[in-house]
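> here is my input; please provide its structure:
(2 chains)
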Amino acid sequence: DTGVSQDPRHKITKRGQNVTFRCDPISEHNRLYWYRQTLGQGPEFLTYFQNEAQLEKSRLLSDRFSAERPKGSFSTLEIQRTEQGDSAMYLCASSPSGLAGNEQFFGPGTRLTVL
Amino acid sequence: DQQVKQNSPSLSVQEGRISILNCDYTNSMFDYFLWYKKYPAEGPTFLISISSIKDKNEDGRFTVFLNKSAKHLSLHIVPSQPGDSAVYFCAARYTGNQFYFGTGTSLTVIP
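Presented below is the predicted three-dimensional model:
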């Protein structure tokens, strides 16, 4: 399977704990995006990488959220001191650069439940 | 601030008829628009797109229309098939590769 993969698919944690999600993009894609989706809403843009450079992070929800893509391949999204309001689906997407880069390939998402 | 809006949360259409899904946006700086389709327990899948310099793009049964003056785009599916039943999201690109998504329209195609 050469699509975008995310791990874990489900995460249940207690309020105040830190969580980290991983995304493996399609191998030849150099752009990587993180989104959050809550019930009844569309995906909400969080951050974007071009290779290892994080080019846009102003829309990360708070300073408890951080993302990395250290070698320009896989990426991690970390949420520190989780709150119940962080419960959502976290989606990762990747795309090539250039004109085709507008069309993103999404992973299946990581569903986070904060108790 | 919902910059991309899909005002119809659901739509039901008979098989073989046309499905029209609508999307409105507020930011005139959006330069590229896309439609995604989502099945339960899966991530969204790209369907069709259109640049802001065009007013129509067609791909098989799917056509997207863009009316920049009205800040409105629509997706036409003809003929509709039961397998088209899914949630459809419109999305718009802002400078710096930031994408804004609508809230989705759940399409049901009735056999």
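
> near chain B, which residues of chain A? Just list them.
Counting by C-beta under 8 Å from any C-beta of the partner chain, the positions of chain A adjacent to chain B are A:4, A:31, A:33, A:35, A:40-45, A:48, A:50, A:55-56, A:59, A:91, A:93, A:101-109. C-beta here means a position set from N, CA and C on the backbone, and glycine is covered the same way.

> now residue B:78, nearest residue through space, not along the chain?
residue B:18 (4.7 Å; C-beta to C-beta, 6 or more residues apart in numbering or on different chains).

> how about that neighbour, phi and psi?
Main-chain dihedrals, residue B:18, degrees, to the nearest 10: phi -90, psi 140.

> what about residue A:3, how many neighbours?
By the criterion of other C-beta atoms under 10 Å in any protein chain shown, residue A:3 has 13 neighbours.

> wait, isn't it in contact with residue A:105?
Yes: the pair residue A:3 / residue A:105 is scored as a contact, 6.6 Å apart, by C-beta atoms under 8 Å.

> touching both of those two, which residues are there?
Residues touching both residue A:3 and residue A:105 comprise residue A:26, with contact defined as C-beta atoms under 8 Å, 6 or more residues apart in numbering or on different chains.

> for chain B, where's the lowest mean pLDDT among helices and strands?
strand B:98-101 (a mean of 92; mean pLDDT, DSSP states H and E).

> mind giving me the packing neighbours of it?
Judged by 3 or more C-beta pairs under 8 Å, 6 or more residues apart in numbering or on different chains; DSSP states H and E, strand B:98-101 is in contact with strand A:44-50, strand B:86-94.

> how far is the helix or strand just after the first one from where the chain is centred?
To tie it back to what came earlier, the one meant is strand A:44-50. Where DSSP states H and E defines the elements, the next helix or strand beyond strand A:44-50 is strand A:53-56. Put simply, strand A:53-56 sits 13 Å off its chain's centre (C-alpha atoms, centre = their mean, to the nearest Å).

> with stretch B:77-91 instead?
9 Å.

> just the endpoints, please. Distance across that stretch?
17 Å (C-alpha to C-alpha, to the nearest Å).

> show me which parts of that stretch are buried, residue by residue.
For stretch B:77-91, burial by neighbour count (16 or more other C-beta atoms under 10 Å in any protein chain shown) applies to B:77, B:80, B:84-91.
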